[in-house]
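Got a sequence here, can you model it:
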Amino acid sequence: MDFQFSDEQQMLRDMLERYLDEQYAFDKRMAAVASAPGWRPECWQAFASELGILAAALPESLGGLGGSATEHLIVMEAFGRALVLEPYLPTVVLGGGLLARVGGDIAARIVSGIASGDVRIAWAQSETQGRYCLHDIQTRARRDGDSYVLSGHKTVVLGAPWATHLLVSVRTAGERLDREGISLLLVDRNTVGIRTQDYPTVDGGRAAEVWFDDVRIPAAALLGTQDHGLELLEPVFDEVVVALCAEAVGVMRKMLADTVAYAKERTQFGVPIASFQTLQHRMVDMHLHIEQASALTWLAAMKLDASPRERSMAASAAKVRIGKALRAVGQGAVQIHGGMGIAEELAVGHYFKRATVIEQQFGSVDHHVRRYDALAGEVCHES
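All right, here's what the predicted structure looks like:
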């Protein structure tokens with residue numbers, strides 16, 4: 001499958017990769033992980049002002065540069081190669097994607113802040129009982145005059161310690177598993193009544209447990225229509241899944257490149273281990289996994305404007321292929337490196353950790369196989 005970038009997209013790719021090569025070397029990344037903030041605010045500001053990538057895929061009507069999912073995939077694959085910590089996925093892909101669909105004053109204000117680097121969003125979606133189900137929500141919000149009163153607990157909110165805003169999925173009507181009755185609220189992170197417990201994640205990021213104790217927020221924080229947030233969220237969720245797949249491709253390409261380089265340098269019985277046919281076959285298999293995963297990711301990106309069922313099937317198919325490829329490539333990289341593969345000093349072990357997290361993030365292989373089967377069953381039923 002052959003994809004051709006426009007001149008502008010190729011320039012974006014080259015510029016970003018050059019910046020990351022110069023400014024986001026592995027040692028600098030690890031220093032950021034070990035620091036108190038856990039990320040690099042100066043890089044986030046460079047993404048906004050120097051490189052303009054935070055605005056690249058945002059609509060021109062809201063102050064963006066009018067790009068598309070292609071720009072997201074270019075950015076995310078480059079971020080995967082460098083193990084970038086900064087919250088592009090929840091802020092730009094998820095938050096920007098939702099706001100672009102909502103429009104209005106809140107979209108104009110927040111999207112402008114995203115483009116300038118002043119706004120960072122964390123998605124407060126997961127609950128302890130919910131697994132990967134978007135509508136398994138127990139956190140409640142009730143309307144009280146010109147406000148909502150929010151109560152509940154969100155778990156593993158990735159990037160919450162760095163966020164200025166929380167995008168919160170809440171139930172404003174119905175029972176726990178009802179598809180109707182879900183609403184989306186964009187909440188200022190410093191609102192009185194929000195409690196958090198921050199912690200590091202295994203892949204070097206930061207997350208938090210978030211509790212809302214009768215938190216009162218203005219009604220203007222509602223995105224879209226009350227009780228119909230799931231209809232707004234589902235297409236953007238598929239965009240997020242596809243963008244995450246692109247990050248995974250970047251992670252795998254870097255793992256393979258490091259593994260090939262190591263195999264050429266490491267000697268055994270007086271020769272480089274890259275000369276062993278068994279390892280050559282292993283690395284070729286890794287390459288094939290990556291190319292198949294990349295092709296399905298780009299195919300899913302092409303399907304983002306298709307019908308809801310076709311779009312979701314393509315996103316789930318890509319996530320399944322990505323999950324299987326991450327395991328094959330990650331395990332191959334670590335095993336060929338031997339004991340060094342899990343050393344803290346060597347980059348490949350940290351890429352393996354990120355690969356392991358991505359494999360489960362926004363739905364495991366088993367979850368997306370079931371999702372694809374359910375959607376395919378609907379097609380068979382209709383035909």
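
Return the distance of Ala107 relative to Leu166.
17 Å (Cβ to Cβ, to the nearest Å). Bear in mind the C-beta positions are built from the backbone N, C-alpha and C, glycine included.

So which of the two has more stuff around it?
The neighbour count for Ala107 versus Leu166, taken as other Cβ atoms under 10 Å, is higher for Leu166 (25 against 21).

hang on, that one is in a helix, isn't it?
No. According to DSSP: H, G, I helix; E, B strand; the rest coil, Leu166 belongs to no helix; its state is strand.

got the contact list for it?
121-124, 157, 160, 186-187, 189, 194, 210 (Cβ atoms under 8 Å, 6 or more residues apart in numbering).

And the closest residue in space to Met313 that isn't next to it in sequence, which helix or strand is it part of?
In space, and not counting its chain neighbours, Met313 is closest to Leu375: 4.8 Å by Cβ to Cβ, 6 or more residues apart in numbering. Using DSSP states H and E, Leu375 maps to helix 365-382.

what sits up against that helix?
Helix 365-382 is touched from outside by 131-132, 309, 312-313, 316-317, 319-320, 323-324, 359, 363, with contacts defined as Cβ under 8 Å, 6+ apart.

ranking these by neighbours, who comes first?
Counting neighbours by other Cβ under 10 Å, Lys319 comes out on top of those with 32 neighbours.

didn't that residue look like it was pressed against Phe362?
Yes. At 7.3 Å, Lys319 and Phe362 qualify as touching, with contact defined as Cβ atoms under 8 Å.

can I assume Arg142 sits in a strand?
Yes. Counting by three-state DSSP, Arg142 is found in a strand.

got a list of what it touches?
So Arg142 contacts 148-149, 172 (Cβ under 8 Å, 6+ apart).

hang on, Glu17 packs against Arg81?
Yes. Assessed by Cβ under 8 Å, Glu17 is found in contact with Arg81 at 7.5 Å.

Just want to know which of these two has more residues nearby.
Neighbours were counted for Glu17 and for Arg81 using other Cβ under 10 Å; Arg81 has more, 23 against 16.

rewinding a little: what residues are shared contacts of Lys319 and Phe362?
In contact with both Lys319 and Phe362: 241, 244, using Cβ under 8 Å, 6+ apart.

Remind me what whichever helix in the chain runs longest packs against, helices and strands.
Looking across the chain with DSSP state H, the single longest helix is helix 229-265. For helix 229-265, the elements it packs on are helix 69-82, helix 97-102, strand 182-188, strand 271-272, helix 277-302, helix 308-337, helix 347-360, judged by 3 or more Cβ pairs under 8 Å, 6 or more residues apart in numbering; DSSP states H and E.

Save these as TSV, and put in distance to Phe47 and mean pLDDT too.
Formatted as TSV, the helices and strands packed on helix 229-265 follow (distance: least, Cβ to Cβ, whole Å; pLDDT from 0 to 100):
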stretch	distance to Phe47	mean pLDDT
helix 69-82	9	97
helix 97-102	17	95
strand 182-188	21	97
strand 271-272	39	95
helix 277-302	21	97
helix 308-337	24	97
helix 347-360	19	97
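
and those as CSV, adding distance to Leu12?
Output for these, formatted as CSV (distance: least, Cβ to Cβ, whole Å):
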stretch, distance to Leu12
helix 69-82, 6
helix 97-102, 18
strand 182-188, 28
strand 271-272, 37
helix 277-302, 15
helix 308-337, 22
helix 347-360, 23
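
Of all the ones you listed, which one comes closest to Ala31?
Set against Ala31 and scored by Cβ to Cβ, the helices and strands packed on helix 229-265 come closest in helix 347-360, at 12.9 Å.

Next, the angle helix 365-382 makes with that closest one.
Orientation of helix 347-360 against helix 365-382 (axes from the mean of the first three to the mean of the last three Cα atoms, to 10 degrees) gives an angle of 30 degrees.

Three-state assignment for the closest residue to Gln125 other than its chain neighbours, please.
Closest residue to Gln125 apart from its sequence neighbours, by Cβ to Cβ, 6+ apart: Ser169 at 4.9 Å. Under three-state DSSP, Ser169 falls in the strand class.

same question, the one 4 residues further on
Secondary structure for Ala173, judged by three-state DSSP, is coil.

How many residues are close by it?
Residues near Ala173, counting by other Cβ under 10 Å: 14.

can you confirm Leu150 is in a strand?
Yes. Leu150 forms part of a strand when assessed by three-state DSSP.

For it, list each beta-bridge partner.
Legend: beta-bridge partners of Leu150 under DSSP bridges are Ala141, Val215.

now Met313: how far from Gln125?
22 Å.

Ser147 contacts Ile217, correct?
Yes. Counting by Cβ under 8 Å, Ser147 touches Ile217, with 6.3 Å between them.

Between these two, which is the more surrounded one?
Comparing Ser147 with Ile217 by other Cβ under 10 Å, the one with more neighbours is Ile217, at 22 against 16.

low-scoring stretches of this structure, by residue?
Residue ranges of the chain with pLDDT under 70: 1-2, 378-383.

try it again with 90
1-6, 61-64, 66, 103-105, 130-131, 339-345, 377-383 (pLDDT under 90).
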